[in-house]
Every structure is written in structure tokens, then in C-alpha cells.
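Colleague: Let me see the structure of the following:
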Amino acid sequence: MNWSRIKNALIREIRKSSKKRNWFLKDIKISIAEERKKILIKNGFFPSSDLVLDFQKFGFNSFLNDRDYAKLYPINHPSISTLIDYKSYLPILLGDKKEWLPDFFAFCSRGSIIFQKGIPNKLLDLELFLKSALDAFGNLIVKPISDGGGRGIFLLTKENFDQIIKDLIKKDFVINNVLKNNQFLSDVFPGCLNTTRVTFYKNASGQNEILMIAQKFGTSLSSSVDNISKGGMACSIDPQSGEMSKAYTYSGKPGWYAKHLDSGKQIAGVKFPDWENCYKQIQEIVNHFDFLEFAGIDLAFTDKGIKIIEINSQPEARLTQVGGPILLNPGFNEFIKNKGYQPNR
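Modeller: Residues are numbered from 1 along each chain as shown. This next block holds a predicted model:
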């Protein structure tokens, strides 16, 4: 009998069981009463959700909870979810809509250039290729192909090139030019790219329906990204009017704010300029992904139009519900239950 194999199998099962039992340990840490924390965990919510979701008004059952929602992965077909979860496959998902990519975009694998848009002559040598991109587009954003939450992202410049290139040659990564928001979003926070999250699902009629739209803003605490877990802020956008709500943040003094923490610019009650046209473009993008059943897309509103930053096959429940409980949407409620969502069972 192979006792080593049995031991390793037991260790794997123990780890799986522990991961299921302690799912809430991935939460963002906030100060919360221990008794309240236990109630939230019992109902399947990260304790930090208490800051974002209005349980007092709507109750627990109106909201998609974190624990049971996570069990549904993958909501899309497994092969499709793989395509979505790897940023390197974004050009495949876009098909002939390459104008939605940044002006420069490349997928590089262990020293080889697998795909690139933006450099007229494809250079087979990665070092020469990236130097050419730096000359043409300035500083570049390097991202791991599958990680999220702003992790592993860094800036490639002419100054740090020699220090980084030897390590890059050994890795898989995607890289694009630094995008800049249009004036409206740059005025709120100019320190990073502020992205717009659009979550949609396929309704009973087979159409991709926009479920929610949220706006994320970076802060001085979130450094070069706008991720909430890193210190950013997020608000909802009313799909009809384009009006933004108050924005929440977990960093500094957690809570909801009508103005940006750093710039002091008003957020709550402010409408996106030319929202009707913006919404039409968002719907066009959502319609393009008719092969998806559910996803969250991160968009960048720039002076050169809307650019797709990444697609999330199972977008975070809290941000998805920043505008209110999505289970009150009858169509989505039916959709997610058909996918096996069974809260508290």
C-alpha cells in the first residue's frame, strides 16, 4: 500500500474542506462587532458587505450572497470561462472588434510574442519589440494573464527596462499602453485609470441584459489602480439617467462619500456627459458577447472612445450590488436559480 499517496490525498481533502469552511477569510478587513460578523457569515456574506449592502432595508435574502454564489463557478460553459479568465484571450473574444482594445496590446509567453496590435512590423525578439513599443507609446502597463484585483500589475518604462526585461522573458503576460480617462473622469481622480464595471446576464428571451453599471475611482491609497480592495472607491451609475450615487470605500475611514476623498470633486448626483450615447455604446459591447451568459466587463472611457480592459466571468457580488440587491430583478433571480443558486442550503 502506498502510504505516501494516501497521505497526500488526505491532505488535499483536508485543505479543500478547510477552504470551504473558511471561505470568509478572503474578506477585506473592517472593524465590525463580533456578533454581527457571525450573523453575516452564517447568512453567507463577507462581513465587509455590511458596509455596502443595505440589509436593514432589504433583508439578507434579497442579495446574492458570497458563499453560495462562489459555488456556482463556472456559470458560463467551462471552456468559455477559461477564455474569459485569461486576459491573453481578450483579442479572441473581441473578434473583429479590435478597436475596443487599447491602441497597443500584446500577449507574450516566455519570450515569444503570441499576439500584438499596435506595432506595424512584428519583431520576433521580445526585447526589441518592447523597446519599439516604448518608443511608440511611452510607458506600458504589464499585467499577469490570469490574476485579478490589481495584483501583479506594474509600469514598464525606459528607466526600469533593463532591470525587468530578464524576468519578463521567463513569464507569460499581457501588456498595453497607458490609457487616460476622458476629462470628466480625470477631473475626479487623475492619479490612475478609473474604470467602469458593467455586469450583464442572458435573460429568458436570449438577450444580454445589463444588470448594473458601477464606476470605480482610484485614490491616493490605491496607488496606480482603482481596485476597491486596494483602497479605491466605487459608486453605482443609474442606467437610465447616468447619475452616480455616493461612493463607498474600505480604506482610511470606511464608509460612503458624496465627494472624492482626494480631489473633493462631487460624485453623488453628478451625471455622465452624453450618457445616452455612452449607454448605446455599452449596450453594443454587451450585445457583442452574445456567446456569454454572465460576465462583468471593465471599460475605460477615454478620448479615443471606450476600451475594454478585461472581462470577469464571475464578477464580485458586492460591487455588482452597489446599486441595490440584484435578486429583486425577477429575470436575474430566475437566471441565477436556474444555475443552481440555493442560499443557505
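
Colleague: could you pull out the helices for the chain?
Modeller: Listed from the start of the chain, the chain has helices (DSSP state H) covering 3-21, 34-42, 49-52, 55-58, 66-70, 78-85, 90-94, 126-137, 161-168, 183-188, 275-288, 317-320, 330-338.

Colleague: Ok, which of these comes nearest Ala247?
Modeller: helix 183-188 (9.5 Å; Cβ to Cβ). Every C-beta, even on glycine, is put in place using the N, C-alpha and C of the backbone.

Colleague: thought Leu193 was touching Asp226?
Modeller: Yes: with contact defined as Cβ atoms under 8 Å, Leu193 and Asp226 form a contacting pair (6.7 Å).

Colleague: any shared contact partners between those two?
Modeller: With contacts defined as Cβ atoms under 8 Å, 6 or more residues apart in numbering, the residues shared by Leu193 and Asp226 are Gly218.

Colleague: Which of the two has more residues huddled nearby?
Modeller: Counting neighbours by other Cβ atoms under 10 Å for Leu193 and for Asp226 shows that Asp226 has the greater number, 26 against 23.

Colleague: quick one, what contacts that one?
Modeller: Taking Cβ under 8 Å, 6+ apart as the test, what Asp226 contacts is 150, 189, 192-195, 216-218, 232.

Colleague: Show me this protein divided up by domain.
Modeller: With automatic domain parsing serving as the domain definition, the record reports that the chain contains domains spanning 103-177, 182-338.

Colleague: on that earlier part again, pick the most deeply packed of the helices of the chain.
Modeller: Across the helices of the chain, averaging neighbours per residue (mean count of other Cβ atoms under 10 Å) puts helix 317-320 on top, at a mean of 22.

Colleague: Could you list every helix and strand that that helix packs against?
Modeller: When contacts are defined as 3 or more Cβ pairs under 8 Å, 6 or more residues apart in numbering; DSSP states H and E, helix 317-320 sits against helix 49-52, helix 66-70, strand 196-202, strand 208-217.

Colleague: now what about it, what contacts it?
Modeller: Taking contacts as Cβ under 8 Å, 6+ apart, the residues outside helix 317-320 that touch it are 46, 48-49, 52-53, 63-66, 69, 197, 199, 211-212, 214, 216, 228, 234, 296, 326.

Colleague: Restricting to C-alpha, output it in CSV.
Modeller: Output of helix 317-320 as CSV, limited to C-alpha atoms (Å, rounded to 0.1, in the frame of the first residue of the first chain):
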residue,chain,number,x,y,z
ALA,A,317,-21.1,40.1,-5.6
ARG,A,318,-20.6,43.2,-3.5
LEU,A,319,-19.6,45.6,-6.4
THR,A,320,-22.4,44.1,-8.5
